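A.B. asks: I'll drop the sequence and a predicted model, then ask my questions.
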Amino acid sequence: EKKPEETVTTVRFVTWKPNQPEVWDEIVALFENENPDVKIERETGPHSSTAFHDLLTQKLKNRSRDVDVFFMDVIWPSEFAAAGWAMPLGELFPVSERSAFLDGAILANTYDGKIYGVPLFVDSGVLYYRTDLLKKYGFSPPETWERMVDQAASIVAGEKKEGTGIYGFSGQFKQYEGLVCNMMEYILSNNGRMIDPVTGKSDLMEKASIGAVRFVRDRIIGNVAPRGVLTYQEPESLDVFIQGKAVFHRNWPYAWEVSNNPGRSAVAGKVGISRLPHFPGGESHSTLGGWQLGISSYSENKEAAWKFVKFLSSERVQKIIAVKSGKAPTRKILYGDREVIQANPHFAGMRDVFATAYPRPRSPLYPAISNILQRYFSKAISDPGSDLEKEAEAASEEINRIVALGR
Amino acid sequence: MKKTVFFLTVICVVFFSLLPFLWFLDTSLKTEMEITSIPPVLVPDFALDFYRSSIEHYNLLHYLWNSIIVAGLSTFITLSLSIFAGYALARLRVKYKGLIMGGLLTVSMFPQISIAGPVWRILQSAGWLNTYQGLVLPYVTLTLPLGVWIVASFFRELPKELEDSAKIDGCGHVQTLFRIMLPLAAPGIFTAAILVFIYAWNEFFFALLIMTRQGYQTLPVGIALFQGEYSLPWGEISAASTVATIPLVFMVFLFQKRIVRGLSAGAIKG
Amino acid sequence: MKLNLQTRERIFAASLIVPCFLFVSVFAFYPILYSFYLSLHRIILTLPALGQKFVWFQNYRQLFQDRIALHSLTNTLIFVFSSTFFELIFGLVIAMVINRHFRGWGVVRAAVLVPWAIPTVVSSQMWRFIFNDKYGLLNYIAFGSDVASYKAWLADPLYAFLAVIAADVWKTSSFAGLLILAGLQTIPDELYESARIDGANAWQQFWRITLPLLRPALLIALLFRTMDAFRVFDLVFVMTQGGPADSTNVLQFYGYKKIFAEGLMGYGSTISVLVFLITFVIAILYIRMIGSGLIQEKT
Amino acid sequence: MAGLRIRNLRKSFGGNVVIRDISMDVPDGEFCILLGPSGCGKSTILKLISGLERQDSGEIFIGEKEVSELTPKERDIAMVFQSYALYPHLDVYENMAFSLKMKKMSGQEIEKKVRDVAELLEIEDFLRRKPKELSGGQRQRVAIGRAIVRSPKLFLFDEPLSNLDAKLRASMRVELAKLHRKLKTTVIYVTHDQTEAMTLGRKIVLLKEGEIQQADSPSEMYESPANLFVASFIGSPQINTVEGTVEISGKEIYFRSSAFSTRVEEESLREYSGKTITIGIRPESLMPGGGPLKGNIDLIERLGSETILHTVVGGSRLTARILSDTDKESGEEIAFSLNAKGVHFFYEGKRVGR
Amino acid sequence: MAGLRIRNLRKSFGGNVVIRDISMDVPDGEFCILLGPSGCGKSTILKLISGLERQDSGEIFIGEKEVSELTPKERDIAMVFQSYALYPHLDVYENMAFSLKMKKMSGQEIEKKVRDVAELLEIEDFLRRKPKELSGGQRQRVAIGRAIVRSPKLFLFDEPLSNLDAKLRASMRVELAKLHRKLKTTVIYVTHDQTEAMTLGRKIVLLKEGEIQQADSPSEMYESPANLFVASFIGSPQINTVEGTVEISGKEIYFRSSAFSTRVEEESLREYSGKTITIGIRPESLMPGGGPLKGNIDLIERLGSETILHTVVGGSRLTARILSDTDKESGEEIAFSLNAKGVHFFYEGKRVGR
Ligand SMILES: Nc1ncnc2c1ncn2[C@@H]1O[C@H](COP(=O)(O)OP(=O)(O)OP(=O)(O)O)[C@@H](O)[C@H]1O
Ligand SMILES: Nc1ncnc2c1ncn2[C@@H]1O[C@H](COP(=O)(O)OP(=O)(O)OP(=O)(O)O)[C@@H](O)[C@H]1O
Ligand SMILES: [Mg+2]
Ligand SMILES: [Mg+2]
């Protein structure tokens, strides 16, 4: 009677609570069907990236045997690689295979020349807008941030006259990782930079960087966006948008599905999507987000684990995910797939967005760096009277000190 | 006139004490629409949707079960140890009694952060992260001072003559403890048990560090990390919070006298 | 040979205390020392390759240059002082109210205990909900249905800080009240009767009798609350995560972030030690005062 | 200084009647004792007089003034509590000065008054000590000093000596008596200790369950108790009581009980012929050395200056008290005669005759 | 049953010497009283005897056996505490049965013993009540019953009556004396109440600061106190003491003090000629009605059966006690003669003569 245990390997998959649990149930069932010798045991963590990170890293620090396969946010592979938590995939995931994936996504999984994760889906910031309102006031989707702010302001004023309370914009500005994503988009699109990719030193004090931050502080927070955005993560900001209380909304692609779902959204069918605006003279840049699959170095079932990772990242499964839960796939080819595009018409124009999406600084010390960035941005944008140069300088010093630690 | 002012103060105090809880209770019984409505709906729909949903989608029952196990075990172990140590410290010749009591008191005041790292490492090397014992052991440690102090202070209040009498009647130390002291200190022990239970039920910091697997997380951790996709699931949060709070509210209403006594014994009498 | 009676008692007593002692040693005293040991090292969990390097007091030097740490310390201190201050005031009111006997007295006392009993995480969520910028009760109370002027309380550095204090004061005033009540109940009625006959009115009775006699109880409540306020974590974790702009960052939360989120075990331990030292000093004060309080009681 | 007049005072606490219709007069300057068993309402009467509680009905006059509507402050009285009720956080001087400060008296005046009283009570040396640094007797003095310093119209004492040990109590008792002689302020003094009552009071008001049983001078009360309760309450060892019937045999009147029979010289008993009455015999009125009461000695208590004989006479226990020692031993027979001075008769609780 | 022998007992608590070298013998069956002021070490001696504390040095024999190394359990004694120390969670029956159960006696035997004792003490009716449902006197009885039921070798009583009120105390005292007559077990009885000591004990051991002052029968102690402490401790009102010098004038011996001078018939004083001695006069030995002690009455306390006169004689306060009332009033003059029986002389604290 011991037999079934001997033949069936259990792969423990640490995931977060998915948007559509049924899609994942289906995928796992499919896998288990095809591989009767492997059983998938899922453990779901919190949906918040930070909380999920804390949970996962504690398991890994613990060398816990109950992790085989796990999700990694796009910023984690360096950390996980340096810490020795994620297994280098090397031969299993040869260069030839990698070329089928989006370049930015592969880059994000590379640390010190080795690859540590397989990108499963990508995210990047996009701008949602209310087609009905823009049309009503005769606007087209804004190219620059200035335009967006102006459009938002006139729409808010116009709607107010008609007695409808509405905000101009909602995004994610709480002191957490998402704040770094949002702010990076402003900085990059002003030709600024947060961290020098070569030296790892801070570039926050550059004029362009500071200018972008100042714009957010003076023109967005408390103006077109309510001050409440300072407490918003994705769910809260999306909530405002789908309740019809915001003209523009910055979010990840997943919001498309939700905001067009009449069961959940008050603005279904009235939502448009476009690239993020930029500053005059800059170029639109989104922050690369997305989730990777990694395998724990401490896993006792690496073979079965890889089997599962390979299955999940395969074209057909990515397609299922893309079609059924609206996540943007990492395999380039799927952006030409009819079914995918049919289910997610907005993907058609997004391939470029994804292709040019910019990863956040890659460093095993990124969590510490990110905390400094979060602090700096939060401080900078929530206090209208703050001395940005001074704050930036202080933050830079700290970042440089942290970076020096790793040397 | 004086009376009116007094009763107004009483009403104010009671109102403010209960308001947030009642508001959350109210919220948990509303529907999704009612939660966000302005002006707020006072009389809810009494829909139990959020309870159902927090059980089905948010593992509420798991959290509840874990909390019961962890708090129950901690209470049991802490009290067993407290009875022995409390008796010895209250009644027997012990060297450095003051030092021991003072040391215990200091422990109860340790900020969690100052021991968190090492405790975590100890549990890690024992392989006890994400196990019940992994959380119960620190809880026992942190609640022991409280338990010992309260139990000892109750023991100390029992007349010394009773014990002398028992000894002359032929009891050894152990018999004296179990046949005479224990039954008499039962109210004190019960008091300590309530307080320890409440502590363990409410503790968050260590639960957050040690219980990283959802299957082992306790209610506070569950409630703190509740997060949905589209909006914060306030309905579910309030439902889970109500579930976490109701037992305590019951305890408070049933045992308020003991709790007050225990707290002041722990604090003032020391 | 038979052991001497007293020796036997000593051995028995020791055997009762040892288990308790073991727990406390392993999970409290040893960790404190270990924290100190760690704080003298550079340990970065995410860079195990760097190993565990002994760096003397470098971490401490760094700590005193760490703006955020100092800021968190300031926040913590302000938080501690303001929350304990208000807790004592409200605690005094609560104590005076429940010190009287009237019908329904038990219910009132229990109601007052409710905030104390509620898990901090839950009360944090409650207050976060009450302070919500879109449908929070506070906004409704302050602005009615005028949704446009609703404030995002937790988005404002000052308001967020006040909100955390308010939540803490709400939760722990009743505890302070109970400690003060214990002191109130030791004041014999005769003193008030005597004062009335001596011609003191209610106000004079309060200032000249109640307050001076409550001093020990107030001090104890003060210290107890101070110690506890230093450990604030749950509130910040749930309500603000230290934001906005670090306005609610406190030492314990900062240390947690350093050790467990950023993996800076060595540096984070420095913060652990700092927090410990601060509370230890207060604890010593506290124990001394209890000690002298006890002596006073006996004579 | 002023007398006290109380008329038809009633007070109940939540349905529980504690004072039922009490009237009494205390002339100016008198030392009046309220005596009675625990719970009989003594403290309550003081509280009503002082205004700490409000009576349900009845009137209280201090001097000529009806004070029921006045606050304690306005009644101008002083009270000394059993627990002294010294303010623990104030030193002796401040304790004594407290009420004067409340009256907004000038510092100099206060200083003078306090010093005078401190001298009178011989507590000048510890004016700067806190109450807890004083002995019981010293505390008691301070409490009294605090009362005196105000020169009130009326002193109320609520068992001021009962926290002291026997010796100190005896000496404080004497001091109190002398103090009163000096100050001549009206005093209402509560106690449940009969020795205190007998020695201190000009007049004793004996209470039971909120009713006055007898109000009289100490010796009157001992020698002519109004009823059985008074007779039993006053006197130690307690009065011996035996039930029996009155029998008339010609000119002579006999008291007959199962324990003994004796002829009595009490003409007023004649009308109770055949009825059941109670005889009360003070222990010192049982005189050994032959007589109609024959019994056995059960136990002898030798107290040095006096001897108590516990005897059984015809089944009834009788206690006798003699001033000398006796050569008898337990178990021996003994016979008593009665000294009419300490013999009383009660019919249905009330005293009969004389 | 057994006697008690103590030899050179010493005990200190943390440097504070509480018992200094005490030796005493209590013959089998005797009722021995340990008397002394509070804190003199009475309870400590009982604890040493019972084995609840261990002496620093010295030996304790119960019967012929040295018990120092035995646990309380093995010493076979019973103890009654001031607070009764009844187990509140057990009913009367269980309280009494407790020690027998500990001895693993059979249920039947226990039942019989408990019933017998309950009958003896007249507490059969509330065997099923919990201690808190009993009155003070009943509790006291149960506590005694619990001690008796074991038939121990030795009874230890630690102020068993001091929690009772005066009346109950008096009657329990009598009962205890009778009970001892019946059981004849050796009793060591601690009290600080001299009345109790005088009435109950065959032998009183008077302690002060851990040392025996005198061990004697009650009347011996009253009539021949070994020293000034004993003389002052025993007797109420307290003995009057006056310091003075001895003067020899031919055959006659005079005691002269600033207060008064009187001739004394005490030959042994001759050798103290010119030295300062203390005279002690029992209050009842001051006989009013003319004599060498002339003074004024300060205060009269009339206690009904006796009268206490507080007087000042030549600057010294003297208290006299007379059995009758007096027609004198405070302030009047009075003169006393001395009754030699109650007059003692002390030189450097020790008694001189007779
Ligand atoms: N505030 C009160 N509320 C209710 N009942 C009271 C109150 N004060 C006194 N009593 C009751 O009134 C009765 C008389 O009380 P009081 O204190 O006057 O007795 P006392 O004669 O002074 O007795 P003691 O000698 O024990 O002091 C008692 O039965 C007591 O229980
Ligand atoms: N366990 C102890 N530790 C320290 N000192 C003690 C202890 N027990 C008694 N003492 C001290 O020993 C002395 C004698 O105490 P003990 O109880 O024998 O007095 P006592 O004569 O029984 O007095 P009381 O009449 O008040 O009961 C006291 O000064 C007391 O403070
Ligand atoms: Mg009273
Ligand atoms: Mg004693």
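C.D. replies: Alright, I've got the coordinates. Numbers count the residues shown, from 1 in each chain, chains lettered A, B, ... in the order given. Ligands and ions are numbered 1, 2, ... in the order given.
A.B. asks: tell me which element A:E43 is part of?
C.D. replies: Element membership of A:E43, judged by DSSP states H and E, is strand A:38-45.
A.B. asks: does that strand reach chain C?
C.D. replies: No: Strand A:38-45 stays clear of chain C (Cβ under 8 Å from any Cβ of the partner chain), getting no nearer than 14.5 Å. C-beta here means a position set from N, CA and C on the backbone, and glycine is covered the same way.
A.B. asks: D:Y84 touches D:A143, doesn't it?
C.D. replies: Yes: D:Y84 sits in contact with D:A143 when judged by Cβ atoms under 8 Å, with a separation of 4.2 Å.
A.B. asks: who touches both of these two?
C.D. replies: D:P160 (Cβ atoms under 8 Å, 6 or more residues apart in numbering or on different chains).
A.B. asks: still on that earlier bit, touching chain B at all, the strand holding A:E43?
C.D. replies: Yes: under the criterion of Cβ under 8 Å from any Cβ, strand A:38-45 makes contact with chain B via A:43-45.
A.B. asks: compare these and tell me which is most surrounded.
C.D. replies: Greatest neighbour count in the residues of strand A:38-45 next to chain B, by other Cβ atoms under 10 Å in any protein chain shown, goes to A:G45: 23 neighbours.
A.B. asks: just list the residues touching that residue, thanks.
C.D. replies: Counting by Cβ under 8 Å, 6+ apart, A:G45 has contacts A:14-17, A:51-52, A:55-56, B:214.
A.B. asks: out of those, which sit inside strands?
C.D. replies: Judged by DSSP state E, strands contain the following of those: A:14-16.
A.B. asks: and those residues as JSON lines, adding pLDDT and distance to chain E?
C.D. replies: Shown next, in JSON lines, are the ones in strands among the contacts of A:G45 (pLDDT from 0 to 100; distance: Cβ to the nearest Cβ, whole Å):
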{"residue": "A:V14", "pLDDT": "90", "distance to chain E": "54"}
{"residue": "A:T15", "pLDDT": "88", "distance to chain E": "57"}
{"residue": "A:W16", "pLDDT": "83", "distance to chain E": "56"}
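A.B. asks: can you pick the most crowded of those?
C.D. replies: Neighbour counts for these (other Cβ under 10 Å) peak at A:V14, which has 26 neighbours.
A.B. asks: what sits against A:R65?
C.D. replies: Counting by Cβ under 8 Å, 6+ apart, A:R65 makes contact with A:298-300.
A.B. asks: spell out the secondary structure type for it.
C.D. replies: What DSSP: H, G, I helix; E, B strand; the rest coil gives for A:R65 is coil.
A.B. asks: would you mind listing what in the stretch 101-250 of chain D touches ligand 1?
C.D. replies: Within the stretch 101-250 of chain D, the positions adjacent to ligand 1 are D:H192 by Cβ under 6 Å from any ligand atom.
A.B. asks: by proximity to ligand 2, which residue of the stretch 101-250 of chain D wins?
C.D. replies: Proximity of the stretch 101-250 of chain D to ligand 2 (Cβ to the nearest ligand atom) peaks at D:D165, 10.5 Å away.
A.B. asks: which residue packs closest to the residue nearest the centre of chain C, ignoring adjacent ones?
C.D. replies: By Cα atoms, centre = their mean, chain C has its centre lying nearest to C:D228, at 1.7 Å. Nearest-residue entry for C:D228: C:T172, 7.0 Å, with adjacent residues in sequence omitted and distances by Cβ to Cβ, 6 or more residues apart in numbering or on different chains.
A.B. asks: which parts of stretch B:126-143 are buried?
C.D. replies: Residues B:128-132, B:134-143 are the ones in stretch B:126-143 that count as buried (16 or more other Cβ atoms under 10 Å in any protein chain shown).
A.B. asks: put the alpha carbons of that stretch into PDB.
C.D. replies: Presented in PDB, the C-alpha positions along stretch B:126-143 are these (Å, rounded to 0.1, in the frame of the first residue of the first chain):
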ATOM      1  CA  ALA B 126      14.700  23.500  15.200                       C
ATOM      2  CA  GLY B 127      12.500  23.300  12.100                       C
ATOM      3  CA  TRP B 128       9.600  24.700  14.000                       C
ATOM      4  CA  LEU B 129       8.700  27.600  11.800                       C
ATOM      5  CA  ASN B 130       5.100  27.100  10.700                       C
ATOM      6  CA  THR B 131       4.300  24.600  13.400                       C
ATOM      7  CA  TYR B 132       2.000  25.100  16.300                       C
ATOM      8  CA  GLN B 133       4.800  24.500  18.800                       C
ATOM      9  CA  GLY B 134       6.800  27.100  17.100                       C
ATOM     10  CA  LEU B 135       4.300  29.800  18.000                       C
ATOM     11  CA  VAL B 136       3.200  28.300  21.300                       C
ATOM     12  CA  LEU B 137       6.700  28.300  22.700                       C
ATOM     13  CA  PRO B 138       7.300  32.000  22.400                       C
ATOM     14  CA  TYR B 139       3.800  32.700  23.500                       C
ATOM     15  CA  VAL B 140       4.400  30.700  26.600                       C
ATOM     16  CA  THR B 141       7.500  32.600  27.300                       C
ATOM     17  CA  LEU B 142       5.900  35.900  26.800                       C
ATOM     18  CA  THR B 143       2.900  35.100  28.900                       C
END
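A.B. asks: and ligand 2, which of the contacts of A:G45 contact it?
C.D. replies: Of those, not one also sits near ligand 2 (Cβ under 6 Å from any ligand atom).
A.B. asks: and of those residues, the nearest to C:I94?
C.D. replies: Proximity of the contacts of A:G45 to C:I94 (Cβ to Cβ) peaks at A:A51, which lies at 35.9 Å.
A.B. asks: let me know how buried the residue of chain B found nearest chain D is, in neighbour terms.
C.D. replies: Residue of chain B nearest chain D, by Cβ to the nearest Cβ: B:K2 (13.2 Å). B:K2 is flanked by 7 other residues according to other Cβ under 10 Å.
A.B. asks: can you tell if stretch D:202-210 touches chain E?
C.D. replies: No: on the criterion Cβ under 8 Å from any Cβ, stretch D:202-210 is out of touch with chain E, staying 11.1 Å away.
A.B. asks: which parts of that stretch are buried?
C.D. replies: Those would be D:203-208, D:210, for stretch D:202-210 by 16+ other Cβ under 10 Å.
A.B. asks: columns distance to A:V156 on top of the residues you listed, output as CSV?
C.D. replies: Shown next, in CSV, are these (distance: Cβ to Cβ, whole Å):
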residue, distance to A:V156
D:K203, 93
D:I204, 92
D:V205, 88
D:L206, 91
D:L207, 85
D:K208, 87
D:G210, 80
